[in-house]
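# Would you be able to build a 3D model of this:
(one chain, ligands or ions: 1)
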Amino acid sequence: MTTITTAYRLQPIDPGEADRLRATNPDAPVYTVDAYPGYPCRQCLRDAALGEEVVLVSHDPFTADSPYRSASPIFLHRAPCDPPQDPHALPTQLTGRQLSVRAFDGDAMMTDAAVIAGTDLAATLDRFFAQEACDHVHVHNASRGCWATRVDRAR
Ligand SMILES: [Zn+2]
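Prediction:
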């Protein structure tokens, strides 16, 4: 398991927002997982297990308006699940995929970006957070564009 410095931490989708998305999208596509890995849940940051159900919804992870603000597709377990217990552990859901990693300042303006192998995520976060302008980072799947998680600088 790769861990990251305690100076920043993973901030997956808020559990209340995940529950709201599950409850308010009755027509969202539901999939019974038939391949592992393949259906990464953005609440628990696990790839759903074979036979589990996931729902595909659109999520806007931005908290400030900016030209970069946009919604992205995400899978969530159809049944409520919990955020990971250790916000400093990088799950294989991230380290096992090609990622687009985007750094933003406090006004949600992009300050840096890279497409990387997931195995390089810890080093990329170190590099981005070493820049004073970097307030937070959004991680996406590089290929399909699904939002994965936000990473926050610890305050
Ligand atoms: Zn989950």
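# what ranges do the helices span in the chain?
With DSSP state H, the ranges of helices along the chain come out as 15-24, 92-95, 121-129.
# Including mean neighbour count, could those go into CSV?
In this view, the C-beta of every residue, glycine as well, is placed from N, C-alpha and C. As requested, the helices of the chain are arranged in CSV below (neighbours: other CB atoms under 10 Å):
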stretch, mean neighbour count
helix 15-24, 14
helix 92-95, 19
helix 121-129, 18
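# And these: which comes nearest residue 140?
Among the helices of the chain, the nearest to residue 140 by CB to CB is helix 92-95 (10.4 Å).
# ok, residues contacting that closest one?
2, 37, 40, 45, 46, 47, 118, 119, 121, 139, 148, 149 (CB atoms under 8 Å, 6 or more residues apart in numbering).
# re earlier: of all the helices of the chain, which one is nearest residue 7?
Closest approach to residue 7 among those (CB to CB): helix 121-129, 6.7 Å.
# Can you list the strands that the lowest-mean-pLDDT helix or strand in the chain pairs with?
When the helices and strands of the chain are scored by mean pLDDT, DSSP states H and E, strand 2-3 comes last with a mean of 89. Neighbouring strands of strand 2-3 in its sheet, by DSSP bridges, are strand 89-90 (antiparallel).
# how much distance is there from the strand it pairs with to the middle of the chain?
12 Å (CA atoms, centre = their mean, to the nearest Å).
# Stretch 69-86 too?
Counting by CA atoms, centre = their mean, stretch 69-86 comes out at 8 Å from the chain centroid.
# Show the average pLDDT along that stretch.
Mean pLDDT, computed over stretch 69-86, is 96.
# how long is it end to end?
Distance across stretch 69-86, first residue to last, is 28 Å (CA to CA, to the nearest Å).
# That one and the ion, any residue contact?
Yes: applying CB under 5 Å from the ion, one finds stretch 69-86 in contact with the ion at 77, 81.
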